[in-house]
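*Asks:* quick one, fold the following:
(chains A and B)
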Amino acid sequence: MNYEKRTFSGGTHIQDFKEFTNSLETQEAKAPAKVYIPMSMHIGAPSKPLVAVGDLVKMGQKIGESQGFVSVPAHASVSGKVIGFKQLPVPNGRMADCVVIENDFKDEWLEGLIQPEQNPQALDAKEIGARVLEAGIVGMGGATFPSHVKYAPSKEGKKADHIILNGIECEPFLTADHRIMLERPERIIAGLKYMMKLADCPKGVIAIEENKMDAFELMIRLTEQDSTIETIVCKEKYPQGSEKQLINAVTGREVPPGGLPMDVNVIVNNVGTAAAVADAVEFRRPLIDRIVTLNGNGIVRPMNYRVRIGTLYKDLIEENGEVIGDIVKVISGGPMMGFAVYTMEIPVMKGTSGILVFNEESQVLKREEEGPCVRCARCVDACPMGLEPTTIVKAAKRRDWAKTKACDVTSCIECGSCAYVCPSMIPLVHYIRLAKQYVTSKDGNGAVNPFLV
Amino acid sequence: MESINKPLILSCSPHLHSRYTTEKAMRDVGLALIPAVAAAVFYFGFRALLVILVSIASAMAAEYACRRIMHRGNTLFDGSAILTGGLLAMCLPPGIPLWAAVLGSVSAIVIGKQVFGGLGQNIFNPAHIGRAILLASFPVYMTTWVPTVGSSVDAVTMATPLALLKAGAMDQLPSLWQMFVGQIPGSLGETSALALILGGLYLIYKGHVDWRIPASYLGTVFVLTALFGMIKGFGMAYPFMQLCSGGLMIGAFFMATDWVTSPITVRGRVIFGLGLGLLTSLIRLFGGLSEGVCYSILIMNILTPIIDRYTKGRIFGRAK
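*Replies:* As a prediction, the model looks like this:
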């Protein structure tokens, strides 16, 4: 069959490295002896611990209460005993307070959870919203924005006319979304229906990149009877999965700089989030696990795992087997926008879509030395936001923050296309982030950040 | 599990790179020049190769000396100096004294590039700076042309097609085919349009060169010279002869498309090409010189920053 392939302007083609894991069925990872549940796995205020050392907790029990509107609760991902609180680093470089639970390996669910709802269709939007919040659902594509906030009525009275499920997964290596679309498509569609009801939105769109045609054809088959849901295919181009670029490809609309999808009447959520929403609404199942792609040349058996939230990277890697060679780099998320972490004692969180483990022989990560900009303009052509990365970076290098601001540095989505194509190996994203720090600081001069003066 | 407790490398995303480097691009430009070099050797013999080698060697020596004197890192093998030397040689007459080639190369590297701070900082196309300096200093050497090897013409020096076009001496011109394949007197690499187009298409295919610059440049020259030819009654071959003569082809594909000195915006590249075409046509048709490519490119190089400033792309999400 021939379908119209949608896309956006700019961007670049990237080798996707998905062949290692895209045909491997998701495996249940063993729950570790201890889980470390961070109280901040979302954008917004950290949740407040509800448990004390020595407390016995059941699986799915709420152990952290949300604080404020842009916040979600956290839940125990195993049953067992709270044995302490510990500060652990999280991928973005900050430290997070974690509740440490010793696993009793009984996997006892808290009573009242995992009971199928008798008549889920009868639930009204308010109840659906309450269950989504209660289940601690956040955007699982990586941004971890609390889902109930996206669906809350907007102050300006804006209403969504499109809910787009993001099944693009344009980051190389990652196959978590691909697998969930193949393995749990009905849950994704059910979740989308609840989201549409929640937002009182007449149209749902499932967008899939053309390198996952099996998932696309499956979704087309499952949704062709439903006139309110459209499944579309997008060209394989990075960063197609970026929220703004996806909205543009699907609807032709452009989210204004500094704006949100709702400004153009769209809500975007990851396909994994939709499946989690369906589980939350129909089973009151909290978000206590997620699919994580484990890959990299240091990994013996690349795999898609269903992993309990709070599992340390180290435990998951050990379960996979002995690592190959001396591990020099571990990336949380994908290689384009993910974070390099300095330790493997980091807990899997709600937004952890992949863990990539590389040893020193990795050709993928090899970098030559930075050279001078030769004005080739590849970064300008590749920027999906229409920026001139080279101009911004030259200004940043001479600390001309006003100029970076004039060049719209704050519009940068940090997708990394510019640095990917730069023949002089200039770490453009690095300089752009630096410029953003200055530009967005209170006095426009970086003064609020002690590291930047 | 000892190996997983070692410190890990931290770095800013993206962690992946296209593995496409400036050195590779330079190598590709060098490859693209091979047909033109072969044509030069074919038409002008061993002497052509000698001029090219001397130019490259002196460009590299100048590059090395400059970096040493400035206490900067050695850039001898980034490919840039080799290309500058090679491209300059392609713009020189085959019979030029070798010391003049050396002088041109050294000027190209020192005045054209290193005084600005090296690769990426120069305002002008370095090879054309070298050529312009030679042309201003030694006009006789720079305009003394030798016939191609095996040519029936016996003269030691002869007029280029461009000079004949300028003089309106249409009856003395070689055939369009001779001009296209390069069987005409002229600078080393400027004679064979065929070889240059082959190389240029390769660069466009590899993505080094934006087709907009050669297309708008050659297109403008074609249109303007066709109009001129029509008014003067020179016939339909006239604009094609203009395209195939002098430094236009090498200028359009190899010089004007130099990354450093051409605009970075898409619209800017089109304007750049239009400006080049206009200037080249004006100089060729109405100026005192028979050739205008070199000066057009140098003049448009000056305008590159201002073109960039006024042709910025639209930021995603901003009003159209």
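
*Asks:* C-alpha from now on. contacts and neighbour counts both.
*Replies:* Will do.

*Asks:* residue nearest the centroid of the chain?
*Replies:* The chain I'm using is chain A. In chain A, the residue lying closest to the centroid (CA atoms, centre = their mean) is residue A:142, at 1.4 Å.

*Asks:* that's the wrong chain, I wanted chain B
*Replies:* residue B:255 (2.6 Å).

*Asks:* tell me how far it lies from chain A.
*Replies:* Using CA to the nearest CA, to the nearest Å, one gets 14 Å for the distance from residue B:255 to chain A.

*Asks:* who's in contact with the helix or strand encompassing residue A:273?
*Replies:* Under DSSP states H and E, the secondary-structure element containing residue A:273 is helix A:271-283. Residues outside helix A:271-283 that contact it (CA atoms under 8 Å, 6 or more residues apart in numbering or on different chains): A:113-117, A:120, A:128, A:131-132, A:135, A:137-141, A:165-167, A:177, A:180-181, A:184, A:187-192, A:194-195, A:285-287.

*Asks:* again, 7 Å this time
*Replies:* Helix A:271-283 is contacted from outside by A:113-117, A:120, A:128, A:131-132, A:135, A:139-140, A:165-167, A:177, A:180, A:187-188, A:190-192, A:285-287, using CA atoms under 7 Å, 6 or more residues apart in numbering or on different chains.

*Asks:* same for the lowest-mean-pLDDT helix or strand in chain A, what does it pack against?
*Replies:* Per-element confidence for chain A was summarised using mean pLDDT, DSSP states H and E. The lowest value among helices and strands belongs to helix A:147-151, with a mean of 90. In this structure, helix A:147-151 packs against helix A:125-134, with contacts taken as 3 or more CA pairs under 7 Å, 6 or more residues apart in numbering or on different chains; DSSP states H and E.

*Asks:* give the helix, strand or coil label for the closest residue to residue A:416 other than its chain neighbours.
*Replies:* If the residues on either side of it in the chain are set aside, residue A:416 comes closest to residue B:14, at 5.2 Å by CA to CA, 6 or more residues apart in numbering or on different chains. Taking DSSP: H, G, I helix; E, B strand; the rest coil as the rule, one finds residue B:14 in the coil state.

*Asks:* so residue B:14 makes contact with residue A:337?
*Replies:* Yes. With contact defined as CA atoms under 7 Å, residue B:14 and residue A:337 form a contacting pair (5.7 Å).

*Asks:* which of these two has more neighbours?
*Replies:* Regarding residue B:14 and residue A:337, a neighbour count based on other CA atoms under 10 Å in any protein chain shown identifies residue B:14 as having more, with 25 against 22.

*Asks:* in contact with that one, which residues?
*Replies:* Residue B:14 makes contact with A:335, A:336, A:337, A:416, A:419, A:420 under the criterion CA under 7 Å, 6+ apart.

*Asks:* sorry, back to before: quick one: the closest residue to the residue nearest to the centre of chain A other than its chain neighbours from residue A:72, how far?
*Replies:* Spatial nearest neighbour of residue A:142, chain neighbours left out: residue A:351 (4.3 Å); criterion: CA to CA, 6+ apart. Remark: distance between residue A:351 and residue A:72 (CA to CA, to the nearest Å) = 13 Å.

*Asks:* repeat for residue A:396
*Replies:* When distance is defined by CA to CA, residue A:396 is 37 Å away from residue A:72.

*Asks:* now do the strands in the stretch 101-250 of chain A.
*Replies:* Counting by DSSP state E, counting those that start in this stretch, the stretch 101-250 of chain A forms strands over residues A:162-167, A:204-209, A:229-234, given from the N-terminal end onward.

*Asks:* Three-state assignment for residue A:293, please.
*Replies:* strand.

*Asks:* if it is in a bridge, with which residues?
*Replies:* For residue A:293, the beta-bridge assignment (DSSP bridges) gives partners residue A:304, residue A:354.

*Asks:* tally of neighbours for it?
*Replies:* The number of residues packed near residue A:293 is 28, by other CA under 10 Å.

*Asks:* and for residue B:217?
*Replies:* Counted with other CA under 10 Å, the neighbours of residue B:217 add up to 29.

*Asks:* I'd assumed residue B:270 was in contact with it.
*Replies:* No. In this structure residue B:217 lies outside contact range of residue B:270 using CA under 7 Å: 8.2 Å.

*Asks:* quick one, phi psi at the residue nearest to the centre of chain A?
*Replies:* Comment: the main-chain dihedrals of residue A:142 come out as phi 140, psi -30, following degrees, to the nearest 10.

*Asks:* now it: how far from chain B?
*Replies:* Applying CA to the nearest CA to residue A:142 and chain B gives a distance of 14 Å.

*Asks:* pLDDT value on that residue, please?
*Replies:* At residue A:142 the predicted local distance difference test score is 83.

*Asks:* let me see the contact set for it.
*Replies:* Remark: with contacts taken as CA under 7 Å, 6+ apart, residue A:142 is in contact with A:351, A:352, A:353.

*Asks:* could you verify that the second one is part of a helix?
*Replies:* Translated: residue A:352. No. The assignment for residue A:352 by three-state DSSP gives coil, which leaves it out of any helix.

*Asks:* chain B contacts on the stretch 301-450 of chain A?
*Replies:* By CA under 7 Å from any CA of the partner chain, the residues of the stretch 301-450 of chain A that approach chain B are A:322, A:326-329, A:335-343, A:364-365, A:372-377, A:385-387, A:416, A:419-421, A:423-424, A:429-430.

*Asks:* ChimeraX command to pick out the buried ones of those residues?
*Replies:* The following ChimeraX line selects those of those that are buried, judged by 16 or more other CA atoms under 10 Å in any protein chain shown:
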select /A:326,327,328,329,335,336,337,338,339,340,341,342,343,364,365,373,374,375,376,377,385,386,387,416,419,420,421,423,424,429,430
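
*Asks:* narrow the residues of the stretch 301-450 of chain A next to chain B to those in strands?
*Replies:* A:327, A:328, A:329, A:339, A:340, A:341 (DSSP state E).

*Asks:* may I ask which two of those residues are separated the most?
*Replies:* Considering CA to CA, no two members of those lie farther apart than A:327 and A:339, which are separated by 15.7 Å.

*Asks:* OK, contacts around residue B:289?
*Replies:* By CA under 7 Å, 6+ apart, the contact set of residue B:289 is residue B:283.

*Asks:* give me the pLDDT for it.
*Replies:* Value for residue B:289, per-residue pLDDT: 81.

*Asks:* for residue B:181, same thing?
*Replies:* Residue-level confidence at residue B:181 comes out at 87, pLDDT.

*Asks:* specify the residue ranges that define each domain of chain A.
*Replies:* According to automatic domain parsing, chain A is divided into the following domains: A:33-103, A:124-283, A:289-359, A:378-452.

*Asks:* let me redo that: chain B
*Replies:* Segmentation of chain B into domains, based on automatic domain parsing, reads B:22-141, B:159-310.

*Asks:* show me what from the stretch 51-200 of chain B comes close to chain A.
*Replies:* Counting by CA under 7 Å from any CA, the residues of the stretch 51-200 of chain B close to chain A are B:119, B:120.

*Asks:* quick one: low-confidence ranges for the stretch 51-200 of chain B?
*Replies:* Scanning the stretch 51-200 of chain B for pLDDT under 70 picks out B:150-158.

*Asks:* looking at it, what residue ends up closest to chain A?
*Replies:* Of the residues in the stretch 51-200 of chain B, the one nearest chain A is residue B:120, at a distance of 4.3 Å by CA to the nearest CA.
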